[in-house]
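1. Build the 3D model from these lines:
(one chain, ligands or ions: 4)
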Amino acid sequence: MRCNRWIQTLTLIAGALGTSALTNAGTIVDFEDVPLPSSTSAGDYYNGSDLAGGFVSQGVDFNNSYNVVFSTWTGWAASNSTDTTTAGFTNQYSAFPGSGAEGSANFGVAFNSAPGDSVITFSQPTEVTGTYITNGTYAALSMLLGDAFAKKFGGISGSDPDWFKLAIFGKDISGNTTGTVDFYLADYRGSSSQDYVVDNWAWVDLSSLGTQVQSLEFELTSSDNGMFGMNTPAYFLIDNLMVSDADFNGDTFVDDQDLGLWETNYGLTGTASHGQGDANGDLSVDGTDFLIWQLQASSVGVLTESLAVPEPTTTVLVGMILTSMLLVRVPRYGV
Ligand SMILES: [Ca+2]
Ligand SMILES: [Ca+2]
Ligand SMILES: [Ca+2]
Ligand SMILES: [Ca+2]
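-> Residues are numbered from 1 along each chain as shown. Ligands and ions are numbered 1, 2, ... in the order given. Purely as a prediction, here's the structure:
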């Protein structure tokens, strides 16, 4: 349904109210758009040595902090380094699986000694569907072999119940925690046959962090600690961070055209594409996708605030009609 007169009128109203631009809704943050100016024999990387304070991939901010005196960095680097055999700190930018997620070139490397070192910030509250996570070669070989600072996981007997855990925190716009997801980068607590150090890109579902995630923060902890804290190298890697997206036709606006695609394909299960109305990448077109559409289409504020439609039932049709009447076209990418 197109209601151009309404759209024109309400665009004027929304302009007067001051609309907020939707950004990064729908993005797969893949790091392929980040220039990598520095090289090692293992590949190329960017660690903030130009003191920019971070970088952007697909509209999402990644922080870093570079120390010019010691030539050290913390936070996020982008990399395409794939040396899977050289142990130690000099190989800190390499992915242990030997590539980015799904065979891609670039990925993100977090050096996160303390919570808040590595932060991912979205330009507005959003739902993060999930991300691929893995170990870097430096941490993986340290755990598998041991090194000057850290023990070999399992110990001499092989039966020490060691572990290396990443906690992922969703933060809302006020900095309050919206939820936490734990992921074990290594886990030797079970029987020897089940002990593992993650060596592939593992998908981690982050939808439980909710729909109001403004930023992600991280904490690494390990069973191997000394007088200076954790001995295990404090690194993890991510790629293909997926943010829910209701711009089904890819025209950078979340509007009634996208709702039309959702309506047409409502009920598709297990086979749906993003273009058919699957906002959260679960291959189905259902009420959750409608709620994401509603959230992103209503980010203009007061115009659609009262149109709460909690269930994909008959009320959806009422909501669709009302919301379509109230729609304005909101640019998804902004400043
Ligand atoms: Ca990638
Ligand atoms: Ca074990
Ligand atoms: Ca659209
Ligand atoms: Ca879906």
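
2. So the residue in the stretch 1-150 of the chain that ligand 2 sits nearest to: helix, strand or coil?
-> Nearest to ligand 2 in the stretch 1-150 of the chain, going by CB to the ion, is M143, at a distance of 12.7 Å. C-beta here means a position set from N, CA and C on the backbone, and glycine is covered the same way. Under the three-state scheme (DSSP: H, G, I helix; E, B strand; the rest coil), M143 adopts helix.

3. Wait, it touches D162, no?
-> Yes: checked against CB atoms under 8 Å, the pair M143 and D162 is within contact range at 7.5 Å.

4. The residue of the stretch 1-150 of the chain closest to ligand 2: what's its closest spatial neighbour, skipping adjacent residues?
-> In space, not counting the residues next to it along the chain, M143 is nearest to F153; the distance is 4.5 Å by CB to CB, 6 or more residues apart in numbering.

5. shared neighbours of M143 and D162, anything?
-> Taking CB atoms under 8 Å, 6 or more residues apart in numbering as the criterion, M143 and D162 both touch F153, A186.

6. could you pull out the helices for the stretch 1-150 of the chain?
-> Using DSSP state H, counting those that start in this stretch, the helices of the stretch 1-150 of the chain run over residues 4-17, 137-145.

7. quick one: which of these has the weakest pLDDT on average?
-> Mean pLDDT across those is lowest at helix 4-17; the value there is a mean of 37.

8. list the contacts for the residue of the stretch 1-150 of the chain closest to ligand 2?
-> M143 makes contact with N135, A150, K152, F153, D162, F164, A186, V197, T232 under the criterion CB under 8 Å, 6+ apart.

9. Just give me the neighbour total for the residue nearest to M143.
-> 26 (other CB atoms under 10 Å).

10. shift numbering so it begins at 240
-> I'll keep to 240 as the first residue from here, and by that count the last item is F392.

11. pretty sure it is in a helix, no?
-> No: read with three-state DSSP, F392 is coil and lies in no helix.

12. Give the burial count for K404, as a bare number.
-> K404, neighbours per other CB under 10 Å, totals 16.
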